[in-house]
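A.B. asks: Need coordinates for the below:
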Amino acid sequence: MKEAVIVAAARTAVGRASRGTLVNHRPDEMAATVVGEVLRRAEGVEPGMVEDVIPGCTGAKLTVQIVHEMQREAHRYGMVAMCIGGGMGAVGVLENLTI
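C.D. replies: Predicted coordinates:
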């Protein structure tokens with residue numbers, strides 16, 4: 001059986017749309033900050049080792065999608081960035097344990 005596990009995760013800051021303290025921060029810059037933090041937390045995983053990054057919403061779908069892609073392509077590490085509702089987001093690094 002092929003397996004992948006979550007190695008590290010983090011979430012974005014939460015703001016209130018056009019009235020919040022994050023109004024002057026670009027979403028892609030906030031995502032880059034979270035991606036950097038996840039890589040910092042993922043001990044032993046260097047940025048060049050991550051072979052897949054799937055940004056977007058619908059977290060469960062994206063997590064399953066990247067697991068299948070990692071298995072299909074025989075990739076050791078992958079990363080998923082997802083919206084988790086209410087203006088929040090999360091990023092996770094996954095490891096394929098079958099390699």
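A.B. asks: can I assume Tyr51 is in contact with Arg72?
C.D. replies: No, residue 51 isn't Tyr; it's Glu. No - at 11.5 Å, Glu51 and Arg72 do not qualify as touching, with contact defined as CB atoms under 8 Å. C-beta: built from backbone N, CA, C; applies to glycine.
A.B. asks: would you list every one of the strands in the protein?
C.D. replies: 4-11, 50-56, 77-85, 88-96 (DSSP state E).
A.B. asks: picking up where we left off before, more neighbours, Glu51 and Arg72?
C.D. replies: The neighbour comparison of Glu51 against Arg72 (other CB atoms under 10 Å) goes to Glu51, with 16 against 9.
A.B. asks: so what's the closest residue in space to that one that isn't next to it in sequence scoring on pLDDT?
C.D. replies: Nearest residue to Glu51 in three dimensions, chain neighbours excluded: His75, at 3.9 Å (CB to CB, 6 or more residues apart in numbering). According to the prediction, His75 has pLDDT 93.
A.B. asks: Pull the contacting residues for His75.
C.D. replies: By CB atoms under 8 Å, 6 or more residues apart in numbering, His75 lies in contact with 51-52, 69, 96, 99.
A.B. asks: Which of those residues are buried, as a ChimeraX select command?
C.D. replies: Entered in ChimeraX, the line below selects the buried ones among these, by 16 or more other CB atoms under 10 Å:
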select :51,52,69,96
